[in-house]
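Participant: Okay, sequence plus prediction incoming.
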Amino acid sequence: MIFATAGHVDHGKTSLLRALTGADTDRLPEEKRRGMTIDLGYAYLPLPDSDILGFIDVPGHEKFLTNMLAGVGGVQHALLVVACDDGVMPQTEEHLAILHLLRIPGLTVVLTKIDKVEAARCAEVRAALEQELRRYAWNSVAFFEVSATTGDGIAALKAHLQALALQQKTSPTLDARRFRLAIDRAFHVHGAGLVVTGTALGGRINIGDTLWLTSTGRSVRVRHLRAQDHPVEAAYAGQRIALNLVGDLHKDDIARGDWLLSEAPPMPVSRCLVDVNLLDAASPLQPWQSVHLHHAASHLTGRLSLLQEPETVTNHVLCELALDTPLHLADDDVLIVRDVSARHTLAGARVLSLTPPRRGKRQPTFLHWLARRAETNDDHDVLALWLQQGAVDLDAFAWARQLAAPALQALQLSSGALIKGGYAMDAAMADQQCDSLVTALAESHTRYPEHLGVGRARLRRMALPNTPEALVFAHIDRLLGEKRLINTNGWLHLPQHRLAFTSEEDVLWQRLLPFFREPPCWVRDLAHAARIPEETARALLHKAARLGYAVAVVRDRYYLTSQIAHIAQTVRAAAVGSDDDGMETAALRNRFGVGRKLAIQILEFFDRSGFTRRQGNRHLLRDAELFAVKDDKHGADGTHNSEIAVSSGLDPDI
């Protein structure tokens, strides 16, 4: 477990840690010359149970507040150090405010230099501090009176810290989160190579694990680990960790504020929605106010845009935060907000959403939802709130919540939501969307009674264009199972809607069938061979395409659906046997002995239909279920052999 000190300059933070651990945290020559902490210092205390406590000594002078903020980010407990001879001082108040804004859950107050004052003075300082603590709702804080010089009170403080560490070590949340570490130092060690240090904000890490370094955008391997200044095989959140990294990187590639992550992150965000906790409601934020921001070990600038009317603002205000430098943020991360001169702390900003909507951010309905989001931090409750907004991208949600895979899976199972293709949807909303699909199809039948139906992709575009494809297709599968929709040769229609050849058209179709051959036939050639007027043949083939009996790879050039299914099966087999599930034009041309132009037309048709997708010169398999042969008594070409599932949503008649 890591403890960070806080308090005014010259109140004995470094001396306290020396008394606790025997280590001097002032390592820089300038610090020793001036007798004042300038940058972060580190000390460790081995315990009888083999555990080790870590301490981060932060500077108390206001000029070095940036370093102080880099040190306290991510810690779970702080030691507020106050000298009894001075009492509460300006940096005592500011550091206490920062600990409150960072939502650091644990605080212990240590009154130092008790050997220099009378007991009455200690009581006076304690009373002043208790009053200050009540301002921030810290009502049950442990106080310890110590002297680093005489050693009075040090043993009792050690016992208290050991008990706190035991609670942290047994916390069940450690394995639920991804590993995430903000780097605050990077240096070379002779014979070992590059080493980075920081405090782990979540998860666990083992020797040999691969991590993602955000500054380089590449993965690195962990060769050696030290936690709490001791060699270990594994380390976890709440520990001070040093990682010996192996990879294509140099010390100059890394700066304070970079991240080591268990997985490659999404793009850093430049805008997010935040709940701003103002220190002083009497000094409200101004619209689009420029501010300095501190997040973990990073310091940057940005602007705050108010989402609420100024007259409705209290201590908490909902804002959109625009960052001048994109950050790898996560839900409930807290940023310290300081004024544009970086001299006064204004507020703490807690991240509520990494994906601000483009429109409607100030609508009452959305603000009400955002206010509810600000009131909760439970993963189940947050997922339930997001499900109210529509489909939830589970990968994005897992990143935002920093959920490890087992925790995400457990959350999915307990949510009761529809899960498909990496997305989740509330069951009630899924019911509504199924109704929307049926309604849209009924409207299509009314508008185009001569059409048998539409394909899956087109139905999605008609009814639910903003819903992920995987969820819409799951809705369609459900409706087919419930017999609320019918799939006829890939065309979706309502049970009561029918389309078929007339007896005259069926006679003409049977006359055309013997003249289909490979390569696909042009309308004019089929009409000439069957001795049918060209316009009559064109209209007949157009309807055959609507019925799913034929497919036009380009306008007026047709394959029977059974023929295109045979080609698709060849593409499917070749793709599955390749390294990237793909096929090139030359391979198709050689397999069927057709010209390059026709091979390109066929593959482009497959791309348009959604069966494949083009990537460079290759066409990669996208939806293997399309053009799949199903056993049935009705033929896909109007004969009696097999049925072809042409459910692409593309008009086969182009």
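Facilitator: Ah, there it is.
Participant: where in the stretch 351-500 of the chain is pLDDT low?
Facilitator: Along the stretch 351-500 of the chain, segments meeting pLDDT under 70 span 489.
Participant: the helices in it, which residues?
Facilitator: With DSSP state H, counting those that start in this stretch, the ranges of helices along the stretch 351-500 of the chain come out as 364-374, 379-389, 394-401, 405-415, 427-447, 456-463, 469-481.
Participant: Looking at those helices, which is nearest to Ser503?
Facilitator: Shortest distance between Ser503 and the helices of the stretch 351-500 of the chain, using Cβ to Cβ, is found for helix 427-447: 23.1 Å. (Glycine included, C-beta is placed from N, CA and C.)
Participant: quick one, what contacts the residue nearest to Gly60 when sequence neighbours are not counted?
Facilitator: Leaving aside its chain neighbours, Gly60 sits nearest to Val9 (3.6 Å; criterion: Cβ to Cβ, 6 or more residues apart in numbering). Going by Cβ atoms under 8 Å, 6 or more residues apart in numbering, Val9 touches Met36, Pro59, Gly60, His61, Gln91.
Participant: before we move on, the earlier item: Serialize the helices of the stretch 351-500 of the chain to CSV and add fields for mean neighbour count.
Facilitator: Shown next, in CSV, are the helices of the stretch 351-500 of the chain (neighbours: other Cβ atoms under 10 Å):
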stretch, mean neighbour count
helix 364-374, 14
helix 379-389, 17
helix 394-401, 20
helix 405-415, 15
helix 427-447, 16
helix 456-463, 20
helix 469-481, 18
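Participant: Tell me which of those lies nearest to Ala587.
Facilitator: Of all these, it is helix 456-463 that lies closest to Ala587, at 26.0 Å by Cβ to Cβ.
Participant: And Lys543, its phi and psi?
Facilitator: Note on Lys543: backbone dihedrals following degrees, to the nearest 10 are phi -70, psi -40.
Participant: That one contacts Glu505, doesn't it?
Facilitator: Yes: taking Cβ atoms under 8 Å as the definition, Lys543 is a contact partner of Glu505 at 6.8 Å.
Participant: More neighbours: those two, which one.
Facilitator: Neighbours per residue (other Cβ atoms under 10 Å) separate Lys543 from Glu505, with Lys543 holding more: 21 against 17.
Participant: Filter the contacts of Val9 down to the ones in helices?
Facilitator: Gln91 (DSSP state H).
Participant: Mind pulling up the pLDDT for Ala281?
Facilitator: Listed pLDDT for Ala281 reads 69.
Participant: Are we agreed that the residue nearest to Gly60 is in a strand?
Facilitator: No: with DSSP: H, G, I helix; E, B strand; the rest coil as the criterion, Val9 is coil rather than part of a strand.
Participant: what's the residue lying closest to Ala234 once chain neighbours are set aside sitting at in phi/psi?
Facilitator: Distance criterion Cβ to Cβ, 6+ apart; nearest residue to Ala234, sequence neighbours excluded, is Asn206 at 4.6 Å. For Asn206, the backbone dihedrals (degrees, to the nearest 10) come out as phi -130, psi 160.
Participant: Let the chain start at 29 from now.
Facilitator: Okay, residue one is now 29; in that scheme the one you just asked about reads as Asn234.
Participant: any idea how far Leu536 is from Asn234?
Facilitator: Per Cβ to Cβ, to the nearest Å, Asn234 is found 72 Å from Leu536.
Participant: More neighbours: which of those two?
Facilitator: Counted by other Cβ under 10 Å, Asn234 and Leu536 do not tie: Leu536 has more neighbours, with 18 against 13.
Participant: which ones are touching the more buried one?
Facilitator: By Cβ under 8 Å, 6+ apart, Leu536 lies in contact with Ala558, Ile560, Thr564, Ala565, Leu568.
Participant: Leaving out the residues flanking it, which one is nearest to Gln417?
Facilitator: Nearest residue to Gln417 in three dimensions, chain neighbours excluded: Trp397, at 7.1 Å (Cβ to Cβ, 6+ apart).
Participant: re the thing from before, go through the contacts of Val37 and name the one nearest Arg251.
Facilitator: Using Cβ to Cβ, Pro87 is the member of the contacts of Val37 that lies nearest Arg251, at 32.0 Å.
Participant: What is the neighbour count of the closest one?
Facilitator: If you count neighbours by other Cβ under 10 Å, Pro87 ends up with 25.
Participant: so how far is Met96 from it?
Facilitator: 6 Å.
Participant: Please report phi then psi for the residue sitting furthest away from the middle of the chain.
Facilitator: Distance to the chain centre peaks in the chain at Arg559, reaching 62.7 Å (criterion: Cα atoms, centre = their mean). Note on Arg559: its backbone torsions stand at phi 60, psi 50 [degrees, to the nearest 10].
Participant: that older thread, next step: the contacts of Leu536 restricted to helices.
Facilitator: Judged by DSSP H, helices contain the following of the contacts of Leu536: Ala558, Thr564, Ala565, Leu568.
Participant: Format those as TSV; extra columns: neighbour count.
Facilitator: Formatted as TSV, the ones in helices among the contacts of Leu536 follow (neighbours: other Cβ under 10 Å):
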residue	neighbour count
Ala558	18
Thr564	13
Ala565	24
Leu568	24
